[in-house]
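Engineer: this is a predicted model, with the sequence first.
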Amino acid sequence: MSRDRVLQAARTRFAERSFATTTVRAIAAAAGVNPALVLRLFGSKRELFLATLHLPTRLRDDMAELVGSDPDDLGERLVRRYLALWQDPVTGPSVTAMV
């Protein structure tokens with residue numbers, strides 16, 4: 001499906017470069033579609049970027065659980081959770097793009 005190809009191309013481009021230097025035209029070329037289709041599917045580059053930020057739906061609950069527990073090792077637990085997201089093949093590109 002075109003939408004999936006565009007999302008994958010966008011994830012890759014945003015992770016390799018940055019939001020500011022990635023163009024809709026470059027994403028469209030990588031996905032093998034017309035830039036107009038990208039805008040029709042997502043509305044804008046910003047909306048496309050937001051769509052690429054595929055993070056686990058439980059992330060908010062996980063973070064609340066981490067923050068609500070023992071504060072003595074909170075920093076370590078947050079870093080471990082972040083690194084797990086970074087190294088995951090599904091969430092890694094999104095985390096990279098956000099950074």
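Structural biologist: Sure thing, it's come through.

Engineer: can you show me the helices along this protein?
Structural biologist: 2-16, 24-31, 35-42, 45-52, 59-67, 74-87, 92-98 (DSSP state H).

Engineer: and residue 67, what is it in contact with?
Structural biologist: Residues in contact with residue 67 (C-beta atoms under 8 Å, 6 or more residues apart in numbering) are residue 74. Using the backbone N, CA and C atoms, a C-beta is placed for each residue, glycine as well.

Engineer: same question, residue 2
Structural biologist: 31, 33, 37, 41.

Engineer: most neighbours among the residues you listed, which one?
Structural biologist: residue 31 (22 neighbours; other C-beta atoms under 10 Å).

Engineer: how far away is residue 10 from residue 28?
Structural biologist: Using C-beta to C-beta, to the nearest Å, residue 10 is found at 9 Å from residue 28.

Engineer: wait, I meant residue 84
Structural biologist: Relative to residue 28, and taking C-beta to C-beta, residue 84 is found at 32 Å.

Engineer: more neighbours: these two, which one.
Structural biologist: The neighbour count for residue 84 versus residue 28, taken as other C-beta under 10 Å, is higher for residue 28 (20 against 14).
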